[in-house]
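Visitor: My questions are about this predicted structure, shown below with the sequence.
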Amino acid sequence: MKNTLKKIIAYILKIESQLVLFKYKPKIIAITGSVGKTSTKDAVYAVISKISHVRKSEKSYNSEIGLPLTILGIPNGWNNPLVWLQNIFQGLWLFIGPAKLHKYPKWLILEVGVGKPGDMSRTASWLAADAVIITAIGETPAHIEFFNLRKNLIEEKSSLVKTLKKDGLLILNADDPDVLEMKTKTKNLTITYGFKEGSDVLGSSDNILYDDTGIPAGIIFRVDEGGKSLPVVIEGVFGRNHVYASLATLALCSGLKFNMLNAIDALKNYEVPPGRMRLLKGIKDSLIIDDTYNSSPVASKSALETLGQVKTSGRKIAILGDMLELGRHTIDTHKDIGKIGKSNVEILVVVGPRAKSIKEGALEAGMSKKNIFEFSNSYEAGEFAKNFVEKGDLVLVKGSQSMRMERVSEAIMQEKENKNKLLVRQDDEWLNKK
């Protein structure tokens with residue numbers, strides 16, 4: 001009964017969304033991939049919000065219900081039928097009411113997720129996109145558990161390209177061969193980005209940015225586009241995922257003929273969402289790289305390598321939770337992360353049943369058993385970290401969504417009074433879950 005009701009609500013909201021898009025005709029930018037969708041969405045929003053009225057998918061509203069929530073500008077009703085009823089009426093009023101009352105956005109930035117076969121068809125096939133951005137797939141993508149073959153997941157993701165208008169713009173990550181291959185599936189204008197020679201928007205020289213006291217403060221890199229070479233600085237975050245998000249955004253700006261200098265300026269200190277390689281102050285003058293929103297093999301590898309690059313006076317500690325939805329790849333990918341961890345950290349803390357394989361991989365790579373600690377859940381890991389972290393330590397915290405690794409960050413963060421703003425999953429629906 002509950003599932004049937006959900007399908008009915010999703011269908012009604014989709015129809016209302018189609019009507020609203022027909023009425024207001026906003027420019028649509030649709031983003032998909034296995035890594036970096038949300039970071040890219042927020043980077044694009046940071047630039048376009050400086051020049052026009054724009055709305056982006058809130059949090060990760062990227063499902064068959066999430067997309068209509070963004071298009072209609074309504075909240076998630078969760079398990080409250082009255083809120084859903086109110087949402088339906090609001091969506092109807094948005095269509096039939098006077099346009100001048102609603103001030104509908106000129107641009108929509110929509111994150112499109114794929115978890116199972118057929119999701120793209122249910123979620124976004126009805127869109128008419130002005131631009132599509134494909135971020136990265138990776139060797140072992142998230143959600144691969146639900147696909148028989150990796151190529152089936154890639155095909156599912158690539159079907160978003162079919163939503164492009166005839167004059168629409170396709171933005172592709174040139175560093176991912178499977179994404180770059182999508183260039184052959186369309187006649188639309190395509191702009192590529194990445195660190196690979198020949199990319200239309202070429203990144204290079206990415207490094208950690210330090211302040212005057214030697215404390216890590218963000219990232220800096222160069223971008224070459226249209227014969228110009230420009231520096232890009234992003235404050236308060238780490239990781240190549242944010243470099244890639246910025247490159248994707250600048251590729252979009254190149255295709256849309258936006259001013260590149262203004263775009264770079266908008267990226268300098270835009271508000272990166274919680275849980276995505278954000279730098280937080282920790283207890284005892286430590287620092288936290290909070291990457292607790294979600295996890296995948298590609299993202300975990302990148303986060304660990306970033307941790308290895310940062311200079312710090314204390315220890316480098318990685319607190320890693322399970323990576324989910326990897327199916328038959330679960331053990332091998334967790335072991336691989338353990339081996340990468342051995343090369344980049346002094347201390348490894350693993351959390352959850354699958355993360356035991358991270359420990360095994362680290363031990364196989366030669367890491368000392370005394371430097372590895374194991375816990376069954378994020379509560380236990382947080383309690384341990386409170387007493388273990390020392391002055392000058394740099395702590396990476398990461399894991400899949402259901403591992404709730406933000407609890408570890410909360411246990412060791414300095415500004416607990418601002419946790420609602422700094423950490424992921426702080427709304428009541430999440431906090432009431434065990």
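Guide: Perfect, thanks for sending it.

Visitor: The closest residue to Met182 other than its chain neighbours in helix, strand or coil?
Guide: Leaving aside its sequence neighbours, Met182 sits nearest to Ser158 (C-beta to C-beta, 6 or more residues apart in numbering; 4.9 Å). Placement of C-beta: from N, CA and C, glycine included. Of the three states, Ser158 takes helix under DSSP: H, G, I helix; E, B strand; the rest coil.

Visitor: wouldn't Ser158 be in contact with Val132 here?
Guide: No: with contact defined as C-beta atoms under 8 Å, Ser158 does not reach Val132; the gap is 9.8 Å.

Visitor: of the two, who's got more company?
Guide: Val132 (31 against 20; other C-beta atoms under 10 Å).

Visitor: pLDDT value on that one, please?
Guide: Note for Val132: predicted pLDDT of 98.

Visitor: where do the strands sit along the stretch 301-434 of the chain?
Guide: Using DSSP state E, counting those that start in this stretch, the strands found in the stretch 301-434 of the chain span residues 316-321, 347-351, 372-375, 394-398.

Visitor: out of those strands, deepest packed?
Guide: strand 394-398 (a mean of 29; mean count of other C-beta atoms under 10 Å).

Visitor: how distant is it from the center of its chain?
Guide: 17 Å (C-alpha atoms, centre = their mean, to the nearest Å).

Visitor: helices or strands next to that strand in the packing?
Guide: strand 287-291, helix 297-309, strand 316-321, helix 406-412 (3 or more C-beta pairs under 8 Å, 6 or more residues apart in numbering; DSSP states H and E).

Visitor: Quick check on the residue in the chain sticking out farthest from the centre: phi, psi?
Guide: For the chain, the C-alpha farthest from the mean C-alpha position belongs to Pro98; by C-alpha atoms, centre = their mean, that distance is 35.8 Å. Main-chain dihedrals, Pro98, degrees, to the nearest 10: phi -60, psi 130.

Visitor: can you put the strands of the stretch 301-434 of the chain in CSV and add distance to Leu431?
Guide: CSV is the format used below for the strands of the stretch 301-434 of the chain (distance: least, C-beta to C-beta, whole Å):
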stretch, distance to Leu431
strand 316-321, 18
strand 347-351, 19
strand 372-375, 21
strand 394-398, 18
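
Visitor: Of the ones you listed, which is nearest Ala245?
Guide: Closest of those to Ala245 is strand 394-398, at 17.3 Å (criterion: C-beta to C-beta).

Visitor: So, low pLDDT: which residues of the chain?
Guide: Residue ranges of the chain with pLDDT under 70: 1, 60, 142-143, 434.

Visitor: Pop the domain breakdown of it in here.
Guide: 2-267, 278-431 (automatic domain parsing).

Visitor: looking at it, Gly338 is touching Val349, isn't it?
Guide: No: with contact defined as C-beta under 8 Å, Gly338 does not count as touching Val349 (11.8 Å).

Visitor: Can you work out which residues contact both of these two?
Guide: When C-beta atoms under 8 Å, 6 or more residues apart in numbering defines a contact, no residue borders Gly338 and Val349 alike.

Visitor: what's near enough to touch Lys412?
Guide: Wrong residue type there; residue 412 is Ile, not Lys. Here Ile412 is in contact with Gly282, Ile283, Ser286, Ile288, Gly382, Ala385, Lys386, Val389, Val395 (C-beta under 8 Å, 6+ apart).

Visitor: quick one: it and Glu406, what's the gap?
Guide: Using C-beta to C-beta, to the nearest Å, Ile412 is found at 11 Å from Glu406.

Visitor: cool, Leu85 as well?
Guide: Applying C-beta to C-beta to Leu85 and Glu406 gives a distance of 32 Å.

Visitor: which one of the two has more residues nearby?
Guide: Each of Leu85 and Glu406 has its neighbours counted (other C-beta under 10 Å); Glu406 has more, 26 against 12.

Visitor: just how off-centre is stretch 57-75 within its chain?
Guide: Worked out by C-alpha atoms, centre = their mean, stretch 57-75 lies 15 Å from the chain centre.

Visitor: ok, residues contacting it?
Guide: 6, 9-10, 13-14, 16-17, 20-21, 37-38, 41, 55-56, 76, 83, 87, 90-91, 94, 108-113, 115, 119, 122-124, 127, 273.

Visitor: one more time with 7 Å
Guide: 10, 13-14, 16-17, 20-21, 37-38, 41, 55, 76, 83, 87, 90-91, 94, 108-113, 122-124 (C-beta atoms under 7 Å, 6 or more residues apart in numbering).

Visitor: Among those residues, name the buried ones.
Guide: 10, 13-14, 16-17, 20-21, 37-38, 41, 55, 76, 87, 91, 94, 108-113, 122-124 (16 or more other C-beta atoms under 10 Å).

Visitor: Pull the number of nearby residues for Val179.
Guide: 25.

Visitor: Quick check: which element contains it?
Guide: helix 177-180 (DSSP states H and E).

Visitor: same deal with Pro231?
Guide: strand 228-235.

Visitor: distance between that strand and the chain's centre?
Guide: 21 Å.

Visitor: pretty sure Lys166 is in a strand, no?
Guide: Yes: per three-state DSSP, Lys166 lies within a strand segment.

Visitor: Not counting sequence-adjacent ones, nearest residue to it?
Guide: Asn188 is the one closest to Lys166 (C-beta to C-beta, 6+ apart), at 7.6 Å.

Visitor: coming back round to it: so which of the strands of the stretch 301-434 of the chain gets nearest Leu164?
Guide: Using C-beta to C-beta, the strands of the stretch 301-434 of the chain put strand 394-398 closest to Leu164, at 33.7 Å.

Visitor: which outside residues touch the closest one?
Guide: 282, 286-292, 295, 300, 303, 307, 310, 312, 314, 316-321, 389, 405, 408-409, 412.
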